[in-house]
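A.B. asks: One predicted model, sequence on top.
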Amino acid sequence: MYKVFYNQRIVFFVDQDNSPEENSKYIKHCFENRSLLYKVVDEFAHNENVEKLLVVHPDVDFVFKQFASFFTIIEAAGGLVKTPDHKFLAIFRRGVWDLPKGKLESSESTEEGALREVTEECGIDGMQLKKQLTVTWHTYTLENHPVLKKTTWYEMEHPGQVQLTPQLEEDITRVQWIGRDEQSQVIRNTYPSILEVLTQGGIISP
């Protein structure tokens, strides 16, 4: 299965049709060809009343590649940095809480990119890379061109007792260790893809 966050809504790609019947907030499309898929995705993009699009076909990888061909692909990596006292590192950028992440540089591995982005965006180093958490996909528009971003996320550990420095040139105005009593402010004002990472990382319940 693939899950794509599309303008704060979701497109699923699955190999079996276990979905409810199509309704006003949920569209089901059985893939036939690339042209028809493009039309369905375009209709979904322009109808914000529809919350989810389910694309069904036995060969999920093939259909997802057809979908991805509609976009410029950007690969990125990021980190969910935790401390021994159960805090995690968050950034505040353009009025929304986020996690440190960014586009991979040439010939850079996802592990290297994730560590570099945390260092650059938060002004810290010394993170210990623990494991890969998940991969998220989301779409956006860059200079009038549709982009599909693939972000590989890693869980990291850090002692936490360091000064944090936001990367102002990337529009980051705050960097903060978020404790359990502060999590609600992040959860209420973040992106669906970030909620997915926080869920995979055990910060919030599924």
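C.D. replies: Good, I have the coordinates.
A.B. asks: Could you report the separation of the closest residue to Glu51 other than its chain neighbours from Val162?
C.D. replies: In space, and not counting its chain neighbours, Glu51 is closest to Lys25: 4.6 Å by CB to CB, 6 or more residues apart in numbering. The way it works is simple: take the backbone N, C-alpha and C, and place the C-beta from them, glycine included. As judged by CB to CB, to the nearest Å, Lys25 and Val162 stand 45 Å apart.
A.B. asks: what residues are up against the residue lying closest to Leu89 once chain neighbours are set aside?
C.D. replies: Leaving aside its sequence neighbours, Leu89 sits nearest to Val81 (CB to CB, 6+ apart; 4.0 Å). Shown in contact with Val81 (CB atoms under 8 Å, 6 or more residues apart in numbering): Phe88, Leu89, Pro100, Val118, Cys122, Met127, Met156, Glu157, His158.
A.B. asks: need the contact list for the residue lying closest to Ile194 once chain neighbours are set aside.
C.D. replies: The shortest distance from Ile194 to any non-neighbouring residue, by CB to CB, 6+ apart, is to Leu99 (5.7 Å). Contacts for Leu99 were tallied using CB under 8 Å, 6+ apart; they are Gly78, Gly79, Leu80, Leu89, Ala90, Ile91, Trp153, Ile194, Val197.
A.B. asks: can you list those residues in TSV and add secondary structure?
C.D. replies: Below are the contacts of Leu99 laid out as TSV (DSSP: H, G, I helix; E, B strand; the rest coil):
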residue	secondary structure
Gly78	strand
Gly79	strand
Leu80	strand
Leu89	strand
Ala90	strand
Ile91	strand
Trp153	strand
Ile194	helix
Val197	helix
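A.B. asks: Please indicate which of those residues has the highest neighbour count?
C.D. replies: Gly79 (31 neighbours; other CB atoms under 10 Å).
A.B. asks: so it touches Ala114, yeah?
C.D. replies: Yes - when contacts are counted by CB atoms under 8 Å, Gly79 is listed as touching Ala114 (4.8 Å).
A.B. asks: just the strands in the protein please.
C.D. replies: Assigned by DSSP state E, the chain shows strands spanning 2-6, 9-14, 26-30, 52-56, 72-82, 88-93, 96-98, 101-103, 128-142, 145-157, 172-178.
A.B. asks: Please identify the most buried of these.
C.D. replies: strand 88-93 (a mean of 23; mean count of other CB atoms under 10 Å).
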